[in-house]
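A.B. asks: What shape does this take:
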Amino acid sequence: MVIVKKFIQKTIHPWDLKPEEAIALQTKLARRVIRKSRFRPDGMMTVAGVDAGYRDDIAHAAVVVVDLKDLRTVEKAVAAKPVAFPYVPGMLSFREGPVILKALGKLKSPPDLLMIDGQGVAHPRRFGIASHIGLLTDIPSIGCAKTKLVGDYEEPHRSGGSTSYLTDGKETIGAVVRTRTDVKPVFVSIGHLMDLNDSIRAVIKSCCGYRLPEPIRRADHLSRKQIKTTKSAKFTKVI
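C.D. replies: I've put the predicted structure just below:
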């Protein structure tokens, strides 16, 4: 089963846009994001961690599908593609989207949830890469980022599992989640077809003693491994 062909139905658009055109598209597509859960984490079976990295002008994406019940890896996929969009803060999906979709298209069956290393609605236009990929594939998605892009928050308690809310003005746009005691928190936000509470629960449930949830941690390792196999000289990771 090629999930990209099956699930990309709602929004087809070109990727070779100018930055101002990309901004307008983000603003338009943000209105289509659904912030209600299709199902709850207790009912999830498979979570696909998604991560991408770069070497020179080539983007490498990795997808690792994990069974949420026991955190067992059930499937992996990688893809590489030349980068066609410049690095502009807040427009990561236009650099990484095509290669991520290529990697997702190699999976034998669609996962129940996408957990993407990046932002969802915790984004200036409420349409980060997790929202973009979730909307295109019609798969519930969560953004889980290492750093904040926008918003304010109070530091959560030092103990693992503690959370605080990320706000932008009067709007709650995400959560700051301490996945392990005395480690830096991660920034969790709705991608598409999820609510914030279920997004937080899914991230915490998929952690196993590390700062990053297992699907993303394994995808990160796989993308780095894939990059090392290329012939280019220097690896640069872009968050």
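
A.B. asks: can we go C-alpha only for contacts and neighbour counts from here?
C.D. replies: OK.

A.B. asks: Next, give phi and psi for the residue nearest the centre of the chain.
C.D. replies: Centroid-nearest residue in the chain: residue 116, 1.6 Å away (criterion: C-alpha atoms, centre = their mean). Per-residue torsions, residue 116: phi -110, psi 140 (degrees, to the nearest 10).

A.B. asks: wait, it sits on residue 52?
C.D. replies: No. Using C-alpha atoms under 8 Å, residue 116 is not in contact with residue 52, being 9.3 Å away.

A.B. asks: quick one, phi/psi of residue 224?
C.D. replies: phi -70, psi -40.

A.B. asks: Quick check on the nearest residue to it once chain neighbours are set aside: phi, psi?
C.D. replies: Residue nearest to residue 224 in three dimensions, not counting chain neighbours: residue 53, with 7.2 Å by C-alpha to C-alpha, 6 or more residues apart in numbering. When read as degrees, to the nearest 10, the backbone of residue 53 gives phi -140, psi 180.

A.B. asks: how many other residues sit next to residue 53?
C.D. replies: For residue 53, the count of nearby residues is 21 (other C-alpha atoms under 10 Å).

A.B. asks: quick one: it and residue 78 touch, right?
C.D. replies: No. Contact between residue 53 and residue 78 fails when scored by C-alpha under 8 Å: they sit 11.2 Å apart.

A.B. asks: where exactly do the helices run in the chain?
C.D. replies: Secondary structure of the chain (DSSP state H): helices at 3-7, 19-30, 92-104, 129-137, 196-205, 214-228.

A.B. asks: a markdown table please, covering these and showing mean pLDDT and distance to residue 58.
C.D. replies: Formatted as a markdown table, these follow (pLDDT from 0 to 100; distance: least, C-alpha to C-alpha, whole Å):
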| stretch | mean pLDDT | distance to residue 58 |
| --- | --- | --- |
| helix 3-7 | 45 | 21 |
| helix 19-30 | 96 | 20 |
| helix 92-104 | 96 | 10 |
| helix 129-137 | 97 | 18 |
| helix 196-205 | 96 | 29 |
| helix 214-228 | 94 | 9 |
